[in-house]
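# A structural model of the following input is requested.
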Amino acid sequence: MLVLVAPGQGAQTPGFLTPWLELPGASDRIAAWSDAIGLDLAHYGTKADADEIRDTAVAQPLLVAAGLLSAAALGDVTPGVVAGHSVGEFTAAAFAGVLDDTAALRLVRTRGLAMAEAAAITATGMSALLGGDPEVTVPHLEKLGLTAANVNGAGQIVAAGTLEQLAALEADKPEGVRRVVALKVAGAFHTHHMAPAVAKLEEAAQELSPAAPVTRYVSNKDGQVVTDGAEVVARLVGQVANPVRWDLCMETFQELGATALIEACPGGTLTGIAKRALPGVATVALKTPDDLDAARTLIAEHAAV
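The predicted structure follows:
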């Protein structure tokens, strides 16, 4: 059974979209999406530097567009399950047919702008903790006023809060944590710091007409399969200010019988976690079009109904 997943913010690197635009029709598709959301996706995906694409308002639609473009390049794919990490949930909602590509990009453009605005209120950020036991780490983070914003499984937790709180974490690591690594994001996503963005997304979501998922859609909120399109959108809205439970998503993949996992462009992060947390599950990360053949082979071997 095949799982198709989409990565979240921080996966972007300068120029990562360049090789994908060489595929037939890709430039036209990116140009149309750029016009629809008022953002030059081709420029940011090919020429912008790391700081420019770190901007939340840019990074989020860029990641969703890249994920959609890479999945389309696979051809006719029927995964057994779809899911996305953080902003990747919008990509997954389009994979599942809940939103069309343009609607997903318009909503995520609103999300990125609203989250950038919320992030500007207080200087905040996120840091990944390498090593440690979640049962020890989470209470330690709470003691420092931080939130376990991403519980990713395989022992990986991402802390979020003010820059002062993150500096305190560097100086006072939880027992067993080897390193604290600052992430390429511009705010404390999936925490109460993002509450102002939720209201703006709620307003934008009222204009949508979501459809029921055509394949199983697994939510970051609790790892549950969501079968109602309106509920998927409601979760997309609320998730901005709530922790990502990717660990629970992977538990669901396992329960549903996952045998293979493909990560849409810019792949690597989620397949890396899956290799540690889902032993025996074959993985392919779509980093460049050179990875498409390996992904198609995986699809042929593991496609499910």
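
# What's the local residue count around A277?
19 (other Cβ atoms under 10 Å). Quick note: C-beta positions are derived from backbone N, CA and C, even for glycine.

# Sorry, slip of the keys, the one I care about is A195.
Neighbours of A195 under the rule other Cβ under 10 Å: 11.

# element containing it?
Using DSSP states H and E, the element containing A195 is helix 195-205.

# Now do that helix: which elements does it pack against?
Applying 3 or more Cβ pairs under 8 Å, 6 or more residues apart in numbering; DSSP states H and E, one finds that helix 195-205 contacts helix 101-119, helix 229-238.

# Report the buried residues of whichever strand or helix holds V138.
Under the criterion of DSSP H and E, V138 resides in helix 134-143. Within helix 134-143, the residues that qualify as buried are 134, 137-138, 140-141, counting by 16 or more other Cβ atoms under 10 Å.

# could these be laid out in TSV, adding pLDDT and distance to P7?
Below are these laid out as TSV (pLDDT from 0 to 100; distance: Cβ to Cβ, whole Å):
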residue	pLDDT	distance to P7
P134	88	21
T137	95	23
V138	94	23
H140	97	27
L141	97	23
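
# rewinding a little: name the residues that touch the next helix-or-strand element following the helix holding A195?
Counting by DSSP H and E, the next helix or strand C-terminal to helix 195-205 is strand 216-218. Residues outside strand 216-218 that contact it (Cβ atoms under 8 Å, 6 or more residues apart in numbering) are 80-83, 92-93, 96, 98, 224-227, 232, 249, 252-253, 256.

# what stretches of the stretch 51-200 of the chain score poorly on pLDDT?
The model of the stretch 51-200 of the chain has no residue with pLDDT under 70.

# What segments of it are strands?
81-84, 124-131, 147-153, 156-162, 177-182 (DSSP state E, counting those that start in this stretch).

# looking at those strands, which is buried most?
Comparing those on average neighbours per residue, with mean count of other Cβ atoms under 10 Å, the densest one is strand 81-84 at a mean of 29.

# Of all the helices and strands packed on helix 195-205, which one comes closest to L183?
Set against L183 and scored by Cβ to Cβ, the helices and strands packed on helix 195-205 come closest in helix 101-119, at 12.9 Å.

# which parts of the closest one are buried?
Across helix 101-119, burial judged by 16+ other Cβ under 10 Å covers 101, 103-116, 118-119.

# go on, stretch 269-279?
269-274, 277-278.

# What is the nearest of those to G15?
Nearest member of the buried residues of stretch 269-279 to G15, counting by Cβ to Cβ, is T269, at 17.7 Å.

# Now do the same contact list for the closest one.
Counting by Cβ under 8 Å, 6+ apart, T269 touches 7-8, 10-11, 85, 263.

# hmm, try it at 7 Å
7, 11 (Cβ atoms under 7 Å, 6 or more residues apart in numbering).

# Now do it against V237, distance only.
To V237, T269 is 24 Å away according to Cβ to Cβ, to the nearest Å.

# I'd say V151 and R245 touch.
Yes. If you go by Cβ atoms under 7 Å, V151 and R245 touch, sitting 5.5 Å apart.

# Same list (the strands of the stretch 51-200 of the chain) but as TSV, adding distance to L298.
Output for those, formatted as TSV (distance: least, Cβ to Cβ, whole Å):
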stretch	distance to L298
strand 81-84	14
strand 124-131	27
strand 147-153	21
strand 156-162	24
strand 177-182	30
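
# Figure out which of these is closest to D40.
Of all these, strand 81-84 sits nearest to D40, with 23.5 Å by Cβ to Cβ.

# sorry, back to before: dump the helices and strands packed on helix 195-205 to a markdown table, plus distance to L163.
Below are those laid out as a markdown table (distance: least, Cβ to Cβ, whole Å):
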| stretch | distance to L163 |
| --- | --- |
| helix 101-119 | 11 |
| helix 229-238 | 26 |
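
# and of those helices, who's closest to A66?
Closest among these, using Cβ to Cβ: helix 101-119, at 11.1 Å.

# got the contact list for the closest one?
Contacts of helix 101-119 (Cβ under 7 Å, 6+ apart): 33, 36-37, 39, 55-57, 59-61, 64-65, 68, 87, 90, 93-94, 99, 186-187, 189, 193-194, 196-197, 200-201, 204-205, 208, 240.

# mean confidence for stretch 8-21?
For stretch 8-21, mean pLDDT is 95.

# Tell me the spacing between the closest residue to F90 other than its chain neighbours and A6.
Excluding its sequence neighbours, the residue lying closest to F90 (Cβ to Cβ, 6 or more residues apart in numbering) is V108, at 4.5 Å. Applying Cβ to Cβ, the value for V108 to A6 is 11 Å.
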